[in-house]
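Peer 1: pasting the sequence and the predicted model now:
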Amino acid sequence: MVGVDPDTLRRWADTGRVTAFTTPGGHRRFSRRALEHLVSQRPGTAPTLASLGATPARVSAAYRRSYGRGSGLAGARLRLAPRERDAFRSEGRRLVEALLRTLDASDDADRASEESNARGIVEDLARRLAKGGTGLTESVALFIAARHPFMSALGSVVRRRRPPAGQVSAHFEAASALLDRMLLAFIAAHRSPREA
């Protein structure tokens, strides 16, 4: 995980560079969190959002919490029939997963593929809203309301794990730019709701 010899890791523990604990049997152990923090501190190594704890389940939980706070998402939920609500919820989870995979992609080809997948989900959601009679202004308001829990969940993970400031900025800039591109795709698809 760290990419160094075990003797190096032991030496780093002895010097305090990484936190270790000793089992009752006298064996040195390292928590996963301590090792992830160590990896995130190495120059040129940006931790993935997943390694920081930004999992689809954690981000989905942020959405569930936002429904109860009177957000724009809560109002949208009330206007959907139960069957539609389940479909939108399922698509929303797929979108969260695609967005996180896009942000964590290891190379440009994977990133483009994952972003294309996310764009397809966003466009489908926009077309369904348009066909259901939801106007563009209200649909964009729903998109913006849905953006907040995503960014909030990323912020929560970052506060908890505390990667270096440059990496925090890079993650937020990438997430914001990705969501901006998704919003533009959403608007374009809503304006021409025909099937792709």
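Peer 2: The structure has been received and is ready for your questions.

Peer 1: domains of this structure?
Peer 2: 1-45, 47-191 (automatic domain parsing).

Peer 1: now those in JSON lines, with mean pLDDT and mean neighbour count?
Peer 2: The way it works is simple: take the backbone N, C-alpha and C, and place the C-beta from them, glycine included. Shown next, in JSON lines, are those (pLDDT from 0 to 100; neighbours: other CB atoms under 10 Å):
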{"stretch": "domain 1-45", "mean pLDDT": "79", "mean neighbour count": "12"}
{"stretch": "domain 47-191", "mean pLDDT": "80", "mean neighbour count": "16"}
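
Peer 1: which parts of this protein are helices?
Peer 2: 6-15, 32-41, 49-52, 56-67, 72-78, 82-104, 108-131, 136-161, 165-191 (DSSP state H).

Peer 1: now do the second one: which elements does it pack against?
Peer 2: Using 3 or more CB pairs under 8 Å, 6 or more residues apart in numbering; DSSP states H and E as the contact test, the elements touching helix 32-41 are helix 49-52, helix 136-161.

Peer 1: would you turn the ones you listed into CSV with distance to residue 6?
Peer 2: Below are the helices and strands packed on helix 32-41 laid out as CSV (distance: least, CB to CB, whole Å):
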stretch, distance to residue 6
helix 49-52, 21
helix 136-161, 24
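
Peer 1: out of those, which is closest to residue 93?
Peer 2: When these are compared by CB to CB, helix 136-161 sits nearest residue 93, at 11.9 Å.

Peer 1: so how far is that closest one from its chain's centroid?
Peer 2: From the chain centre to the centre of helix 136-161 is a distance of 10 Å (CA atoms, centre = their mean, to the nearest Å).

Peer 1: of all the helices of the chain, which one is nearest residue 25?
Peer 2: helix 6-15 (16.2 Å).

Peer 1: what sits up against the closest one?
Peer 2: 2, 4, 18, 19, 20, 28, 30, 38 (CB atoms under 8 Å, 6 or more residues apart in numbering).

Peer 1: so the third one touches residue 33, yeah?
Peer 2: No: distance between residue 18 and residue 33: 10.7 Å, which falls outside the contact criterion (CB atoms under 8 Å).
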